[in-house]
Structure formats: C-alpha cells, structure tokens
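Asks: Okay, sequence plus prediction incoming.
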Amino acid sequence: MNSIIFTAAARLLVALLFVFSLFMLLRGHHLPGGGFIGGLIGAVAFIVYSLACGPAQARLALRISPEAIAMVGLGVALLAGMFSVFTGDPFFTGQWYWVGGDSYETAAFSLNTVLVFDIGVYLVVLGGILSLTYAFEEET
Amino acid sequence: MAEHSDPNAPWKTVSGIGTSALTALLFVFFLQYLPVVAAGEPVSWVIPWIPSLDVNLTFWIDGLSLMFALLITGIGALVMLYAAKYLAGHPQYDRFALYLFSFMLSMLGLVLADNLIALFVFWELTTFTSYLLIGFSHTDPKSRRNALQALLLTAAGGLALLAGFILLGITQGTFEMSQINASGSLVGQEYYTLILFFVLAGAFTKSAQVPLHFWLPNAMAAPTPVSAYLHSATMVKAGVYLLARMHPSLSGSDLWIWILSIFGAVTAVFASFMALRQTDLKQTLAYTTLMALGTLVMFLAGSTGYAITAAMTFLLVHSLYKAGLFLTIGIIDHATGTRDANVLGGLAKAMPITATVAALAGIAMAGIPPFLGFIAKEVAYAGALEMRLWLFVLPMALAAFALMFAVAGIVAYKPFFGPQGDLPHEPHEGPWPMLLGPVTLGTLGLLFGLLPGMTAYYLIEPAVAAVMGAPDTGGRVKLWAGFNLPLVLSLVTFGLGFLIYLRHQDLRARLARLEARAPDLDAGWDVFLEKFMAFTKVQTGLIQTGVLRQYMFATFAVFALTVFVTLMARDVGGLTLGLGGLSFMEWGVAALIIAGSVLVLLTSSRIVALAGLGVVGIGVALIFIMYSAPDVAITQLLVELLVVVLLALAFVKMPNLDPTGAQKHSLANGVLAGAVGMLTTVVLLLVVDQPFDRRLTEFFEATSWTEAFGRNIVNVILVDFRTLDTFGEIAVVLIAALGAFALLKGAARARAAKGGKE
C-alpha cells in the first residue's frame, strides 16, 4: 500500500497501539484486558506497520522473529507454573510475594507468577499471530 | 560382529563406571531390607502424585519385589561394568550408558510400584527404553526393524494392560495392588474374565509367550550386554512378574489354570526345540530364555506351595545362569569374532577362566547337583505333580528340562572342549571387567545350591509368600529331599538330555527341515505391517481429500447430525420464543447481523463477502457489550479485525467467486447451513429456557478477590483458576501458527525450487 498518509500515520499509530497493548496487559487483573487482548492489540500494531511499510521492514522493527517470540512465550508461561514447585503447591498455583508488607493491603506492590503467566500468554498471541500474518504477506 | 570395538580404548569412563557404581549402591541399599522382608514385614513408602485420582507413587517391598530389585540392580551393576569394556571406544557409548541406566531405573520402578497406574507408567518406560537399547545399532536397518517390532508388540500389550488396570481399579475401588491382593480373590466377580484377558494380553506380549514370541529372538539385534540384561532378569521377566504379583487376586479359576498351563507349556517345549535348532549361540540362548519364560508361566498356573516355589526358585536360578551365559558368549564373541556353534571348540586352553565360569553357569542350567539349578528342577517336578493338569504339565516339563540339559552342553561345554575350529581371531582370555560378571553370577549359582536353607529363608520363601498371599511354611528347598519321584525324574532328565546332546547335530538338521515347512510368524509380521500401512493409505486418501470446502462440509454435517439425533432422542419439551422484551438497540444489532449475512450470500466478490462477515462479527461483539462482557467483546472485536486482515491478504491473489460455479454446490450447502443455523437456534433457546445455575458464578465472585487478588473475574479465571486450560490454549495457538508458517514457507520454497529448475 503506497499511501504517504497511511505510512506517516502508521508510524504514530504503531507506537500508540503498542503502548496501549502493554497497558491492556498490565491492567488485566482488575479491569478489562489481560495477556490475550494485549497480545492481539500488539499484533494489530505490527500488522498496521507491515501493511504500511511491508513485511520485511516490519520484521526488522520487531527485531526478533515472531516464531521465537511465541515459543519463548510458551516457555515463560510454563516457568510461571513451575514456581509453585518451590512451595509444594500443585502445578500452576499462583504465587504472590508482597514487597513492603505482608498482604495485599499493606504491601507497596506485589511480585506474582500470575502476571508472569499473562506475559507468556501475551507473547504467544503476539508472536503466533504475527508469524501467521507475515507469512501470508510474504506469500502475496 | 562390528558392535564392539577397540580392546585398547579407554573404558574407565565416567558414564560407564558411574552408572555401574550407582547401580551397585542401589543393590546394597536393597540388601538391607533382606532381614526385614524375610521376617514377613513388607516395607512401603508413598509419594502422592495425583491423589485426587488415587494415583500415587506407592512403592512396596515384599519378597517378590525385593528378589526382583536385587536381581535388577545386582546384575545391572555387573552388566554395566561389562558393557563399559565391551563397548569401549564406541562413539555412542555415553548414549548407551544412559539408555541402560534409564532402563534399569524403569525396571526397578516396575517391580517396586504398588499403584497400578504407576506400575503401568514404569511398564511403558521399560518398553520405551528397551526399544532404544534393542535399536542401539541404529545404522543397521534390521536392528531398527526388530526394535520397532518389539516396541509395537509390547506396547500393544501395554495398552491392553492399561485397560485391565483401570477395570481392576474401578471395580475394586483402589489402585493399590497390595490392597487388592489383601481383599482376596477376584475369581467369580463380574468383570473377572475381562480383567484376566487384558492382564494376560499384557503379560504374554511382554514375556513373549507363543504365538507372540517372535520379537524376543529378534531383539538379539542389541549388543550382547543388553541381551544379557533384558533377557535374563529384566524386560522379559516383567510379564512373569506381573502374573506373580496378581497371583493372589487372579489365580485359581479354570480359565487361569488352563490358559497359563497351555501357553506356558507350549512356549517352553517349542522354545527348547528351537534353541537346539540354532547355530548362533546367542540365538540359542534367546530361545532358552523363551523356554524359561514358558516354564515360569506354566508353574504360575498352579497355586500350591511346590508349584510357586518351583516358579520362584527357577526364576532366581535362571536369572543368574542366563545373564552369566550371555556375558560369556559376549566374551567368546569378543575374543574369537564368531558365535557359531559349529565353528567354536577347544577354547578352554586359551580361555581357562571363561571356560570355568561357562561350566558353572552351564551346570546350573543343566540342573546338576549341588547347584541351585538342580534344586529348582527337583522342586519343579514336585510342583508339576501337584498341579491340576499334571498329566499335561509333567511330560512337558520333562521334555523342556531334558532339552535344556542338551542345550547347556552345546552352549557351555562344546565351545571349550574338543577340536578347535577355524576362528576369525586367535582366542584370548577376556579382560577382568568382563569376567567379573559371569564369575560372580556363576559362583552364586553354586553357593545358593550349597546353602539352600539360607537362600530359601532370605530369597525364595519371602517371594513365595508374596505370590501366595499367605506366609510360606517353607522347607521345600532342599539339596537332598530323599529318594522320591522328582529325583527319579531328574535322573530320567539327565539320561534323555545326554542322548539328545549326543545326537544334536542330526536333530538340528531335522528341525531345520521342519522349520522350513512351518508358518513363519516373523515374516507374517512384515506382511501384516505392510497390509496395515496400505490400509491406512487408502483410508487417508478417502478421508483427506485436501479440499477445504469438503472438510468444512463434513465438520458441519457431523455437528448437525449429532445435535439433531440428540434432540430427537431426548424429550426436550416446547420452545418459547420471547421476543417481546427486546429493546430498540437489540433489534438494531439483530438487523445488522442479518444484513451482513445476506450480503455474504448475494455478493460475488470475495472482499465484499469478507466485509459482510466482519459486520456479523462486530454485531456479535456489540451483543457482548450490551450484556456487559467487555473482555469477551474486545477479544471478539480484535479477532474479527485480524480475520478480516488475514483473509483479505489471502483473497487479494484469488479470483472472484464464480456465481455459476458456486451454484453447483449451493443446494447442499444451503440445506446444511440452514440446518446448522436452525439447530443452533433451537439449542440456544433450550439453554436459555433452563434456570441459570449460578453456583460457579458465585464461587468466582466470592473467591476472585480473596484467593487470587484480582477484580476482573474473566482474567482471574484465565490466568489463575484455570491456568492449565489457558496453557493448553496458548500451546494450540503456537502449534497452529507454526503449522501454518511451515505450510506457507514450505509452499513458497517448493515453488522457488521449481522456478529455479525452469
């Protein structure tokens, strides 16, 4: 698509969409959003870019191949599940570590495997859809 | 044989010495249980695995499992040391050590596991690891083929076994074998016959009973130390172990007695003739293993003290002498370069130690006093006399033991004495790591025979007690049991065996002629596999047409049919179509969806049709928003968007829909589409008609914050309550993406290659 307006707008849109996808990922635990939706929005961001500038350029912008991102994502999700091994809980039990307190109310913030898992979901969805789309685009 | 390598290569590798030492440590660890178990106290420990399904790693050490554990670790340690030298310098030796050690652990787990599901897992692990071991010389197609044959046959039996175990667990209310055994015999229960059938299918394939025996001699494609290990105390004895383990629950019925007696006896006698027929010493030993397995199965048919004692004593003595003999053959092969019985002879001068240990093992095998083999044979005859089918069992046992006597002569006497044949290498004595195994095993066969009281108290009687499910009174294992019928039978065996040995060349020729006329099951297996592959090819051709439209049609047709049949079969009552309460918004969305669908049907442009579908999808997303499901709505919207983009990319290259071509399919497609739509509507109306079950909703509402610290219930379910489901789903996303990627790239590459040629 050789439209200067689209190409110019795409550069702005991509950044906005990408930040928005991260925002959706992080707010997911309490408000609509999460890894799946975030991953889809992130994929849309890069697809917009690839439509504007071509898949080769989009691959460069992504730096890592989408297949690798998806595979790493599955690994991250699996690792998140394995954390529960250390506490003797069943596989995939969410683990929460409170920083600066001992409960949700008193802690400054929390480190938890649930978010790690959601990041894994995000990466799989992002990488999976992009690998599919790029392959399609390069085909045509 | 090219399987062994340079005698000067370093053999003290970490993998070789390490695995052997670890196994020896395990052996010592199990030794400490001897006094405890002999006193009648089984030891057990439990590691919860999947407690909610009654699946636990329960380990149970009683006489039977302890005897097996000691044989597995003891012989294992010796074989691993032997293999370190035997395969020294082999480029893939480390891999071999890993396989062998894994196999040892699986086998150990198999005999120690009390939980049936755990037992099954270990059972399959032995199948799998033995496949790797048998196919170790993987550059040889014959080796690969034989490994696959063993894998397919024993795995098929394994599946039957799983069915049997599940039936057993469900009908008995527990998967713990010790509890099932303790609650008494299953004979006469409703599913007894079925359970017995499944268990026997598993045991007979693993322990290679006729007519499923042919994989065992083929498994000799493995390096000799593997054969020594797999075919003496481990792999093939797993089936026998299982029958012994289940003896208290399953034995005693007519079915048990007849099946085990007949299959065991036929296997034993058939195998001893086949052993005589072979000229390759390793093949001869393979068939004598088969004979031993048959004999063990035959004696497990009985339930009397002597029959079980015979089985356990023979099991012990066979493991010792068979492993020793295999290792000895390996040394001969190593030293002379051949295993041909016709060529070998007069090796005693060059290999005095090997000759001595071969003699020790051979005498045990022949059953000559004062070796344990003699006691085993005495008890066996006493046991056969006690069995219900003694008229059948006794002559079969006599024939098998007499043939064994002759084969012992061929294997352990003939290569070492008489004139020396024309050998590929000048014979030399084996190195000590290879001699240690056979020397130890041969000496034990003699020691156990000289100390029958101790052997019986620590090893045999606890095992017998475990198999019979009651404390054993003992006193049957004696070197001198008085002048009785078994002794007479023993003398007859020696006489007959000696005669057979003298005439074995002549007999072998006759057997070869006979074999040529008998049906060849091994070749039949190849034909079966070939036919099976042809069948699957035809079937795949019929079902997998490669036309996406046909796949879609079939999928929706199956859906429509099953839903329709279910609705017809069940009385679903009347339907109420409450359209009265709909708001203006809802009517609007419905109109949008219908308009989108009509557009798809009428247009002849793919892109327009795609846009129409997009309208339908967005309409659905709007409905989600109206019913306050923002997460679902966002996802739906995004997926809809991506589908449009993806398909548009694909459609750019495709021609427009041909209105005349589409017409051909439209009637069938239209009917199906209408049916699916109507059935779905009916099902949805029925679902809405039901009072809504709020239990799950309430559970998540109550616990989402308190247990998972999240306020977005949908997300909490996805990433916390049902994480495993989500993990499965993203795995599917990944696999689908990689699959499509490979497909697209593969097609592009193929085109590029084609273009390059033009």
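Replies: Yes, it's here.
Asks: mind listing the strands for chain B?
Replies: Counting by DSSP state E, one finds strands in chain B at the ranges B:43-50, B:55-61.
Asks: swap that for chain A, sorry
Replies: A:96-99, A:109-112.
Asks: just to revisit the earlier point, closest one to chain A among the strands of chain B?
Replies: Ranking the strands of chain B by distance to chain A, with Cβ to the nearest Cβ as the measure, places strand B:43-50 first at 9.5 Å. C-betas here are computed from N, CA, C, even on glycine.
Asks: the inter-axis angle of that closest one versus strand B:55-61?
Replies: In terms of direction (axes from the mean of the first three to the mean of the last three Cα atoms, to 10 degrees), strand B:43-50 departs from strand B:55-61 by 170 degrees.
Asks: Give the full set of residues in contact with B:Phe416.
Replies: Residues near B:Phe416 by Cβ atoms under 8 Å, 6 or more residues apart in numbering or on different chains: B:345-348, B:351, B:354-355, B:358-359.
Asks: same thing but 7 Å
Replies: Contact analysis of B:Phe416 by Cβ atoms under 7 Å, 6 or more residues apart in numbering or on different chains lists B:347-348, B:355, B:358.
Asks: likewise B:Asp114?
Replies: Counting by Cβ under 7 Å, 6+ apart, the residues that B:Asp114 touches are B:44, B:58-60, B:176-178.
Asks: And the pLDDT at it?
Replies: For B:Asp114, the pLDDT comes out at 92.
Asks: CSV for the strands of chain A, including mean pLDDT, mean neighbour count and distance to chain B?
Replies: Putting these into CSV (pLDDT from 0 to 100; neighbours: other Cβ atoms under 10 Å in any protein chain shown; distance: least, Cβ to the nearest Cβ, whole Å) gives the following:
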stretch, mean pLDDT, mean neighbour count, distance to chain B
strand A:96-99, 82, 13, 7
strand A:109-112, 82, 15, 7
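Asks: Tell me which of those lies nearest to B:Ala554.
Replies: Taking Cβ to Cβ, strand A:109-112 is the member of the strands of chain A nearest to B:Ala554, at 45.1 Å.
Asks: State the number of residues packed around B:Gly337.
Replies: 15 (other Cβ atoms under 10 Å in any protein chain shown).
Asks: ok, and the closest non-adjacent residue to it?
Replies: B:Pro424 (3.4 Å; Cβ to Cβ, 6 or more residues apart in numbering or on different chains).
Asks: do the same with B:Ile363
Replies: B:Phe371 is the one closest to B:Ile363 (Cβ to Cβ, 6+ apart), at 5.4 Å.
Asks: Please look at that neighbour and B:Gly449 and confirm they touch.
Replies: Yes - if you go by Cβ atoms under 7 Å, B:Phe371 and B:Gly449 touch, sitting 4.2 Å apart.
Asks: so which of the strands of chain B comes closest to B:Phe700?
Replies: strand B:43-50 (24.4 Å).
Asks: Which elements pack onto that closest one?
Replies: Helices and strands touching strand B:43-50, by 3 or more Cβ pairs under 7 Å, 6 or more residues apart in numbering or on different chains; DSSP states H and E, are strand B:55-61.
Asks: Quick check: the closest residue to B:Ile730 other than its chain neighbours vs A:Phe117, distance?
Replies: Among residues not flanking B:Ile730 along the chain, A:Val124 sits closest, at 4.2 Å (Cβ to Cβ, 6+ apart). According to Cβ to Cβ, to the nearest Å, A:Val124 stands 11 Å off from A:Phe117.
Asks: which of the two has more neighbours?
Replies: Taking neighbours as other Cβ under 10 Å, A:Val124 and A:Phe117 compare with A:Val124 leading, 31 against 27.
Asks: In terms of pLDDT, where does that one sit?
Replies: The model's pLDDT for A:Val124 equals 96.
Asks: That one touches B:Ala736, doesn't it?
Replies: No - counting by Cβ under 7 Å, A:Val124 stays clear of B:Ala736, with 10.8 Å between them.
Asks: for B:Ala408, what are its contacts?
Replies: Per Cβ under 7 Å, 6+ apart, neighbours of B:Ala408: B:362, B:365-366.
Asks: Tell me the one of those residues nearest A:Phe46?
Replies: The closest of the contacts of B:Ala408, once distances to A:Phe46 are taken by Cβ to Cβ, is B:Met365, at 72.9 Å.
Asks: and that closest one, how many neighbours does it have?
Replies: The number of residues near B:Met365, taken as other Cβ under 10 Å, comes to 28.
Asks: For it, which non-adjacent residue is spatially closest?
Replies: Spatial nearest neighbour of B:Met365, chain neighbours left out: B:Ala408 (4.1 Å); criterion: Cβ to Cβ, 6+ apart.
Asks: what do you get for B:Phe263?
Replies: Per Cβ to Cβ, 6+ apart, closest to B:Phe263 is B:Gln209, 4.7 Å.
Asks: The residue of the stretch 401-550 of chain B at minimum distance from chain A: neighbour count?
Replies: Using Cβ to the nearest Cβ, the single residue of the stretch 401-550 of chain B nearest to chain A is B:Leu548, 15.5 Å away. By other Cβ under 10 Å, the residues close to B:Leu548 number 8.
Asks: If anything else comes up later, I'll come back, but that's it for now.
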